[in-house]
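Quick one, fold the following:
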Amino acid sequence: MLNRVTITGKLLDTPKVRTFEARGGTIETVSLWVEVKDDHRADRFTVEINCPKQMAVAKAMRADVMVEVTGKLRHDRWQDKNTKRWTGKVFVAIDPGEGSLRSKGLAETAEAA
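Below is the predicted model:
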């Protein structure tokens with residue numbers, strides 16, 4: 001089964017860089033918040049980037065840029081420690097060698113800096 005998704009939308013905020021401790025080292029990931037609009041609705045997607053090459057591309061971007069994201073659709077699930085309820089999220093993942101991130105220029109509603 002092929003799991004591939006491409007979205008084009010506006011970057012709503014600057015990229016968020018997060019670092020995690022894992023197996024005696026650290027893992028860095030970059031997160032984006034992308035809005036895709038049409039005439040009837042606006043949907044927002046989280047993009048998690050784990051590829052070093054695509055992380056460098058993401059870090060150079062700023063809010064209000066139109067981006068094209070190609071990656072895999074993923075579902076993450078976890079149990080809340082206090083309530084013991086399960087919760088989750090669906091997001092687009094860009095793993096090393098599997099996906100891309102491209103700038104398409106400033107969004108139409110963005111003002112020049």
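
Confirm Met55 sits in a helix?
Yes. If the criterion is DSSP: H, G, I helix; E, B strand; the rest coil, then Met55 is within a helix.

got a list of what the residue lying closest to it once chain neighbours are set aside touches?
Beyond its immediate neighbours in the sequence, the residue positioned closest to Met55 (Cβ to Cβ, 6 or more residues apart in numbering) is Val30, lying 4.7 Å away. (C-beta placed from N, C-alpha, C; glycine too.) The contact partners of Val30, by Cβ atoms under 8 Å, 6 or more residues apart in numbering, come to Pro15, Lys16, Val17, Arg18, Glu48, Ile49, Gln54, Met55, Ala58, Lys59.

and Val30, helix, strand or coil?
At Val30 the chain is in strand, as set by three-state DSSP.

Check the gap between it and Ala63 for me.
Here the criterion is Cβ to Cβ, to the nearest Å. By it, Val30 lies 14 Å from Ala63.

Low-confidence regions, this structure specifically.
Within the chain, the ranges that satisfy pLDDT under 70 run 1, 109-113.

any chance you could map the strands in it?
Along the chain, the stretches classed as strands by DSSP state E are 5-11, 16-22, 25-37, 42-49, 65-79, 86-94, 100-106.
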